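J.: Pasting the sequence and the predicted model now:
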Amino acid sequence: MNNRMTKVMVGAPGLYTYGAMRIGGVIRDAGFHPTITRDITKLSGDKVFLSLYSTLHLLDSALKDTVQKIKQEGGTVIVGGPVSSGPEMIMGELSPDLIVCGEGEEAVSCIMSGQEISECPNCAYVEDEKLIVTRQQRSEEFVCPLPLIPDDIGSQDIRGAQTYIETHRGCFGRCGFCQVPRVFGRRIRSRELDEILREVKAFHKKGVKRIALIGGTGSLYRSKDGEVNSSAFIGLLEGISSIMGPKNVSCPDIRADCITDEVLEAVHANTIGWIFFGVESGSENILKAMQKGIPLDTVRDAVERCRQFGVRPAGSFITGYPGESEEDFIATKDLMEELSLDDVFISIAEPIPKTPLADVVCGMNPEDDLVSTPHSGEYAALHLTEAEARAFDLMLHADMCRPVPRMTQDAQYKVYLEETRKQGTDIRNVTKLIRQYYSGG
Ligand code: SF4
């Protein structure tokens, strides 16, 4: 069968993820005519690439049925994306033909050129009932094809943007809950500016109105050894905003220790003017357990400087981290009050396979896991677990800590309660799965 006759599809559940579009571009540049979908029930073909971004996808019965249907029809299913750091789990739960682990461009190019899978990098497959993982590598050159952009990309909404784009890979941080340094490494590898701008133009032409920059390390574009390269970052933002318009660019996530006056001026002039800092906790003990590596005074200073430059500071917090005591939690509430951020994200600590957090969670007694321990305090009547109660309390508290405090109305109270219950249930399911595959391993 020639390339033109081979039916190839790429899909991600519910979203056109940047990773799925990138892999679609690799397949197209290998001479095929792939199509892309966010409706997994539409997936079929000779080769089907599934990009999965949440461990929860592995528990999705509709997804399991889709994989089996494609295989029964004679197709080959290849799974990749952020979940691929746990290939044993993917194979055990979904039984695809092949897994692309880690960076996918070279692996997919190799697969599509018909090479022996054992010769392709970053792949995993089962042979003689054993999981074989091929050589793992990160591409040095980091040259990316234009993504495969669907015609209806303009209808997508991810936190206000239609798509995220990748400008560089890696993070010099060591945060124990994060897979970025484990998958992409601690050294920053940056794309050429021309190539990024060509991609931005292509997205704009297809109807994308707002673009966001991927990752927790926005200002590390072209940085070396953790030193911010302000001029490269300014050039990046100016280039993107000259195509999209400054009010249609967002660079949401920047480390609190990676801002300079020039970075803040550029964010103010060329983006929607917000920065989300990964604050995580107000307790130095918990920050140490997380290996966050950013002192609280640095966070305080970053928030203050944002305001001086007209940038609105926001922050994300994690609660329920192993070992978080009542005092640690109170310290987080106190910090939230002190910072008075313009917006806040709260999440319960979620173990991601192969991260230090997952190792800690797998090694601890399940009864000590705050996401499972029943809460007996202020919210006992709501039948929450301790981590859920803390997340719920932080959400209510955040409303009161805004620069203009907001009374939480009944409808919003219910939204917060549902959100914390969902997070708790999802994380318990994910934790159970990870323990099943990696405990004692
Ligand atoms: S700073 Fe952000 S991207 Fe880097 S390791 Fe920590 S959470 Fe991950």
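T.: Arrived safely, thanks for sending.
J.: Show the contacting residues for the closest residue to Val360 other than its chain neighbours.
T.: Across the structure, with Cβ to Cβ, 6 or more residues apart in numbering as the measure, the residue nearest Val360 apart from its sequence neighbours is Pro322 (5.0 Å). Every C-beta, even on glycine, is put in place using the N, C-alpha and C of the backbone. Shown here is Pro322, whose contacts under the criterion Cβ atoms under 8 Å, 6 or more residues apart in numbering are 289, 349, 357, 360-361, 364, 368-370.
J.: hang on, Pro322 in a helix?
T.: No - Pro322: not assigned to a helix; according to DSSP: H, G, I helix; E, B strand; the rest coil it is coil.
J.: related to what we said a few turns ago, from the contacts of Pro322, keep the buried residues only.
T.: 289, 349, 357, 360-361, 369-370 (16 or more other Cβ atoms under 10 Å).
J.: The residue of the stretch 1-150 of the chain found nearest the ligand: how many residues sit nearby?
T.: Among residues of the stretch 1-150 of the chain, the one nearest the ligand by Cβ to the nearest ligand atom turns out to be Pro82. It sits 12.3 Å away. The burial metric for Pro82, expressed as a neighbour count using other Cβ atoms under 10 Å, is 20.
J.: Quick check: pLDDT value at it.
T.: Pro82 is assigned a pLDDT of 90 by the prediction.
J.: So what does the nearest residue to it once chain neighbours are set aside have for phi and psi?
T.: Once its chain neighbours are removed from consideration, Pro82 has its nearest residue in Tyr53; the separation is 4.8 Å (Cβ to Cβ, 6+ apart). With angles defined as degrees, to the nearest 10, Tyr53 shows backbone torsions of phi -120, psi 0.
J.: Thr17 is in contact with Tyr53, correct?
T.: Yes - look at Tyr53 against Thr17 with Cβ atoms under 8 Å: they come within range, at 5.9 Å.
J.: before we move on, back to that, the residue nearest to Pro82 and Ile111, how far apart?
T.: Between Tyr53 and Ile111 the distance is 20 Å, computed by Cβ to Cβ, to the nearest Å.
J.: And Leu193, by the same measure?
T.: Applying Cβ to Cβ, one obtains 30 Å for the distance of Leu193 from Ile111.
J.: rewinding a little: mind checking which of Tyr53 and Thr17 has more residues around it?
T.: Regarding Tyr53 and Thr17, a neighbour count based on other Cβ under 10 Å identifies Thr17 as having more, with 24 against 17.
J.: domains in the protein, as residue ranges please.
T.: In terms of domains, the chain is parsed into 8-133, 153-438 (source: automatic domain parsing).
J.: Compile those domains into TSV and extend it with columns for distance to Glu141.
T.: Rendered in TSV, the data for the domains of the chain read as follows (distance: least, Cβ to Cβ, whole Å):
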stretch	distance to Glu141
domain 8-133	10
domain 153-438	9
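J.: Run through this structure and note the low-pLDDT ranges.
T.: With pLDDT under 70 as the threshold, the chain has low-confidence stretches at 1-2, 4, 215-216, 440-441.
J.: Now do the helices in it.
T.: Counting by DSSP state H, residue ranges of the helices within the chain are 18-29, 61-72, 87-94, 105-112, 180-184, 193-205, 230-244, 261-270, 284-290, 296-308, 326-339, 356-363, 386-401, 410-438.
J.: Next, format these as JSON lines and append distance to Gly173.
T.: Below are the helices of the chain laid out as JSON lines (distance: least, Cβ to Cβ, whole Å):
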{"stretch": "helix 18-29", "distance to Gly173": "21"}
{"stretch": "helix 61-72", "distance to Gly173": "31"}
{"stretch": "helix 87-94", "distance to Gly173": "24"}
{"stretch": "helix 105-112", "distance to Gly173": "24"}
{"stretch": "helix 180-184", "distance to Gly173": "6"}
{"stretch": "helix 193-205", "distance to Gly173": "22"}
{"stretch": "helix 230-244", "distance to Gly173": "17"}
{"stretch": "helix 261-270", "distance to Gly173": "17"}
{"stretch": "helix 284-290", "distance to Gly173": "10"}
{"stretch": "helix 296-308", "distance to Gly173": "13"}
{"stretch": "helix 326-339", "distance to Gly173": "19"}
{"stretch": "helix 356-363", "distance to Gly173": "12"}
{"stretch": "helix 386-401", "distance to Gly173": "23"}
{"stretch": "helix 410-438", "distance to Gly173": "22"}
